Each structure stands twice: as structure tokens, then as C-alpha cells.
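Asks: Here is the input, now give the coordinates:
(one chain, ligands or ions: 1)
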Amino acid sequence: MHITVLGAGVTGLTTAWYLARDGHQVEVVERNQGVALEASFANGAQLSYSYVAPLAGPGVLPKVPPWLLRRDAPLRFYPALDLQQWRWLLEFVLACNRGTSDLTTRRLLALSFYSRALMHQFVSEENIDFGYVRNGKLVLFSTGADFDGARRLLDFQRSLGCEQNALDRTQCIALEPLLGDPLSALGSRFVGGIHTVSEEVGDCYRFCQGLEIRLREMGVTFRFDTRVTRLETRGNRVTAIDTPAGSLPTDLCVMTLGAHSPILARPLGIRLPIYPLKGYSVTLPPQPGITALGISITDAMRKVVYAPLAGADGNSLRVAGMADIAGYSSEIEAVRVKQLFIEAERAFPAAADYTQGPDAMQPWAGLRPATPKGTPILGASPYDNLYLNSGHGALGWTLALGSARILADLIKGTVPEVPLDGFTLRG
Ligand SMILES: Cc1cc2nc3c(=O)[nH]c(=O)nc-3n(C[C@H](O)[C@H](O)[C@H](O)COP(=O)(O)OP(=O)(O)OC[C@H]3O[C@@H](n4cnc5c(N)ncnc54)[C@H](O)[C@@H]3O)c2cc1C
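Replies: Alright, predicted model coming up:
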């Protein structure tokens, strides 16, 4: 069967990977000139298999008003005359309760553990260097109340198979000596942390670049610089994919357009509850004489993640965070980059060379394809030969392989290994 994968982010490429392995003839259509140049480019690098709790949690709403008043808040809202934005926000607010959040966490953990097993299989079979390492993750809390709350969640997380431990300050510093640096603002303010030994990191972009080479070797073709403008349909089938260069015939297509999926789905009468949550990263290059972080760190108060990324010439430091509800522009706002840079410099002054300022730090912004509840949308659509794999929010790198295998299984007619409850278009 000739299958067209729309979009060459990490979701599209992993989908193409399993489809090609299942023997299909696959073509990937992408508007950019290469793979993974949008949300999958310089994300937080975390393969965060145990930290999947959705943003829509029971404690989030009270924090929102103070955040909205601060210019340097981790979450910023730019109201627009956009029905999709307001509808998404309403559904988000309705999802901010313990019952929905626990159910979503349960479902996402099943998908993330499956993705982890597939990642382990992938790295044991394929020789792609993407700085992949299992170095664990430490989430740090800065108030006693927040740390107590995290400790209370441990039992719930453990009951679902997460291996996590609560550590006091001394134990955290023993694990990551840079936290003992007297000049570290994060080091002086945190009260304790949750350590997950099984978490991993990897550079999503390098993974995608390596995967593209493997896909080409397997006969997958790429049509870059090709914007999909419309899907042509007849009855309940997609018959062709319209692009400025002409119309492409297809037997079946999979929509993996990230935050842009709703734009092409809408004219087909499909409402995808996906809205962009813009985030930022800076990447501090390796420097001689700099002590790299040994473990991934999340500053829970500031909502910033720090990941050491192994490369040929040493470890760079990827710093990512912020969630701006600001429409579809991925323009890099200098003020947000500067905030992230200052945050990193204060948190880990000895872990990088900050003398050249934010512009030398490879600033980047990307759009997380977020659903209100935090669950991606996988599987069938109202059209017999159109499948969906979109809406992975802040976890698209983590969940890529599992979501892709599920999609390929559905197309093959095999029952997926993870139940689809909560992941389908109908919820
Ligand atoms: C700051 C930040 C930090 C993050 N950190 C992490 C993390 O640590 N761990 C994690 O698991 N996830 C993280 N994420 C989330 C993760 O990066 C995304 O969920 C993931 O990259 C989404 O992949 P995707 O392939 O679905 O979308 P994308 O990578 O955006 O790919 C969609 C592709 O579709 C193409 N496209 C769109 N419209 C068209 C069209 N009309 N025609 C043709 N092509 C089109 C785009 O050009 C793009 O290449 C982070 C995201 C951000 C922004």
C-alpha cells in the first residue's frame, strides 16, 4: 500500500519507520527543507517516561492569575479573537481536576512505558548517535508544601510502575554536586527532590536526522519544500493531497502535522482539540574547563528543564521551558530567551560559559501541539483512509515510538499493545 505521512517531525518520522518496516511503500511530505525543523528541533531532550502528569492538574488554576501578572512567568497568555483558543482554554479548565488528571496520567504512563521499551529496542538494533543516555532525572522543589505534595504523589506513581525516590537536600547534592555550588540560586533555594533513576535524555533533532538516513535506505521517499494545502475527499475517503506543486495521489495518509494538524483537519469537518503552546530553549555549547551536569534537572518552581546533551566534543547544556498561549507564531521573542538564559545562569553558573550572552546560545522557539487533557489523538478518523497521530504536547519526543507503533498496528489490522481509551478522536 502507498502511504503518505504528512509532516516530518519526530511523530511523522517514527510513524514512517514502523510503516516501512511493515512493508508499506511510504512517502513523507514536509513543507520545510529538511526533517524536524519545527517542534522536534531543540526541545527539552527529556525522554520523560515517568513524568507524564498533564499540565491540567488540580493545583494549576490557582497559580494562573499570579503568573498572568508577571512578565517572566513560566506561562503567558495572549488573548486573541480566536474561537479555537477560547474553546481549548475552556476544555483545559474543565480538565483541571484530580479525577481527570489521574486518569490521564494512568493512560499516558501506559503509552510512555511502551515507548520506553521500543526506544530500548531501537537503540539496541540501530546505530544512530543522538546523545542518548540513561542518566536519570531529579525534579527539585522550592517550597515545603510543593515537596510534600510531590511526596504524596509518589505512592500513586509507584502503584503505576514508576521507580522514584524522595531525596533531601544532602542526597540531591550528592547526586548532582553542582547543586552545592554556593553561587547557585537554585542550589540555595530547593528543599528536596524526586529522583527517577530510569529517565533518559537524547537529542531529538539528531535522532530525526539519523532516522531520515535509515528511512531512505529502506526506500522511504521524502518530498520536502512541499506544503500541503488541502486534502481532497470523495465520500468517506481521502483521494489526493493538494500542494502548490500539484496533487499527490494516496492510498492512505497519516496526519502528523503537530500543532498544525487542526488547520488541515478542519475543512474535512474534523475538529482536533489541539492548540499551540509555545516554548523556548537555549543550548549552551561545551566549553573547556566547565563542569557539565551529570543528570537531568527540572526546576519545578520555575518550570525549566536542564539536560546534559552528549556530543562529539563534550556535553552541551539544553535549557528549555515556558508555555506561551500565543497563537501559531514561532517567532523567537528576545525577552523570553533572555529570561531563560538568566534563569540558567543563576541556577547553574558553573555549568556553562555565559559570557557571550543569549544570542550565542542557539535560541529557539517551538510550538507544542497541546490537547486540553494532555493525551495525544491516535488512530482512525471519520475518513476510512485517514489516520491521526498528533497532539503530544510536551511529551512528543517521549511518546513518539509508542504512538507510531500503535498507528502502524492499527493500519495493519493488529490490536495495539496499549489500549486506545482516551487517545482516540472521540476521547
Ligand atoms: C520548548 C519545548 C520543549 C520540549 N521538551 C520536550 C521534552 O523534553 N521531551 C518531550 O518528550 N517533548 C518535548 N517537547 C514536545 C515535543 O518537542 C513535541 O511534542 C514534538 O516535537 C511534536 O512532534 P510532531 O512531529 O508531532 O510535530 P512537529 O515536530 O512540529 O512536526 C510537524 C511537521 O509538520 C510540518 N507541517 C505543518 N504543516 C504542514 C503543511 N501544511 N504541509 C506540510 N508540512 C507541514 C511541519 O513543518 C513540521 O515539520 C518540547 C516542546 C517544546 C516546544
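Asks: Next SSE downstream of the helix or strand hosting His120?
Replies: Under DSSP states H and E, the secondary-structure element containing His120 is helix 98-125. Downstream of helix 98-125, the next assigned helix or strand under DSSP H and E is strand 137-141.
Asks: Ser394 falls within a helix, correct?
Replies: Residue 394: Ala, not Ser. Yes - under DSSP: H, G, I helix; E, B strand; the rest coil, Ala394 falls within a helix.
Asks: contacting residues around it?
Replies: Ala394 sits next to 44, 55, 277, 279, 368, 370 when contact means Cβ atoms under 8 Å, 6 or more residues apart in numbering. C-betas here are computed from N, CA, C, even on glycine.
Asks: again, only using 7 Å
Replies: Listed by Cβ atoms under 7 Å, 6 or more residues apart in numbering, the contact set of Ala394 reads Arg368.
Asks: And Leu264, by the same measure?
Replies: Contacts of Leu264 by Cβ under 7 Å, 6+ apart are 228, 231, 255, 257.
Asks: distance of the second one from the ligand?
Replies: The spacing between Leu231 and the ligand, counted by Cβ to the nearest ligand atom, to the nearest Å, is 10 Å.
Asks: Need the nearest residue in space to that residue, chain neighbours excluded.
Replies: Spatial nearest neighbour of Leu231, chain neighbours left out: Val238 (5.0 Å); criterion: Cβ to Cβ, 6 or more residues apart in numbering.
Asks: part of a strand, is Trp86?
Replies: No - counting by three-state DSSP, Trp86 falls outside a strand, being helix.
Asks: Can you tell me how far it is from Arg237?
Replies: Using Cβ to Cβ, to the nearest Å, Trp86 is found at 33 Å from Arg237.
Asks: where do the strands sit along the stretch 101-250 of the chain?
Replies: Ranges of strands in the stretch 101-250 of the chain, per DSSP state E, counting those that start in this stretch, are 137-141, 164-168, 192-196, 200-201, 221-223, 230-234, 237-243, 246-249.
Asks: pretty sure the residue nearest to Leu231 is touching Leu386, no?
Replies: Yes - between Val238 and Leu386 a contact is recorded at 4.9 Å, counting by Cβ atoms under 7 Å.
Asks: which neighbours do those two share?
Replies: Cys253.
Asks: Those residues of the stretch 101-250 of the chain touching the ligand, which are they?
Replies: By Cβ under 6 Å from any ligand atom, the residues of the stretch 101-250 of the chain that approach the ligand are 227-228.
Asks: Contact partners for the residue of the stretch 101-250 of the chain found nearest the ligand?
Replies: Proximity of the stretch 101-250 of the chain to the ligand (Cβ to the nearest ligand atom) peaks at Val228, 3.7 Å away. Shown in contact with Val228 (Cβ under 7 Å, 6+ apart): 6, 29, 241, 243, 264.
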